[in-house]
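Asker: Sequence first, then the predicted structure:
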Amino acid sequence: MKCKIRKWKLSDARNLAAALSNKKVQDNLRDGLSYPYTEQDGIDYISDMLSTDENETFAFAITVDNVAIGSIGIFRQSNIHRQTAELGYYIAEEYWGKGIMTEAIKQICEYVFSKSDIIRIYAEPFACNMASCRALEKAGFQYEGTLRSNAVKNGKVIDMKMYALLKEEFLCLMPR
């Protein structure tokens, strides 16, 4: 199944709401999202992403057949980490396990490394989210360590894993 990343459209809000109104999806994300997630929540989020500084926030819809099935974004850090950015993502549950996330991760990394001065992209999935860890590894990210007792999610103290991809490594992965 082929996916493409593209800029958000306000018309994607309904699909965004459907994906995020699933507890299994939200259980793998940071807190702060409403549940259930409404179409208005989606409109508000998409509006925010469309108005951000495009050199600071790289936010895209993940699409299959031009239908938004998830979200992926890379967020520049600040101060001494200004050339480092954090990756975050999710897709609707019915698309899990199909290689879509790995492909979306590759696409956004190619975009950010080619269009910005970012030299390092990192992600911090929950250690128990093996599918997310595997998607990162298949996209070329290196496991850098476990962040022990790093978060509280659903009332439990949990570990997170640190993965990163350097621009120089990514360029070596690209087909010539």
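Answerer: On my side now, so go ahead.
Asker: partner residues bridging the most centrally placed residue in the chain?
Answerer: Among the residues of the chain, the one closest to the centroid is residue 89, at 2.2 Å (Cα atoms, centre = their mean). Judged by DSSP bridges, the bridge partners of residue 89 are residue 72.
Asker: Same check on residue 64?
Answerer: residue 67.
Asker: Give the next helix or strand downstream of the biggest helix by length in the chain.
Answerer: Longest helix in the chain by number of residues (criterion: DSSP state H): helix 100-115. The C-terminal neighbour of helix 100-115 among helices and strands, as given by DSSP states H and E, is strand 120-123.
Asker: List the buried residues for the helix or strand that comes right after that following strand?
Answerer: Going down the chain from strand 120-123, the next helix or strand is helix 130-138, by DSSP H and E. Neighbour-count burial for helix 130-138, counted by 16 or more other Cβ atoms under 10 Å, picks out 132-133, 135-136. Just so you know, the C-beta spots here come from the backbone N, C-alpha and C atoms, and that holds for glycine as well.
Asker: quick revisit: list the buried ones in the longest helix of the chain?
Answerer: In helix 100-115, counting by 16+ other Cβ under 10 Å, buried: 100-109, 112-113.
Asker: Show me which of these is closest to residue 59.
Answerer: residue 108 (9.3 Å; Cβ to Cβ).
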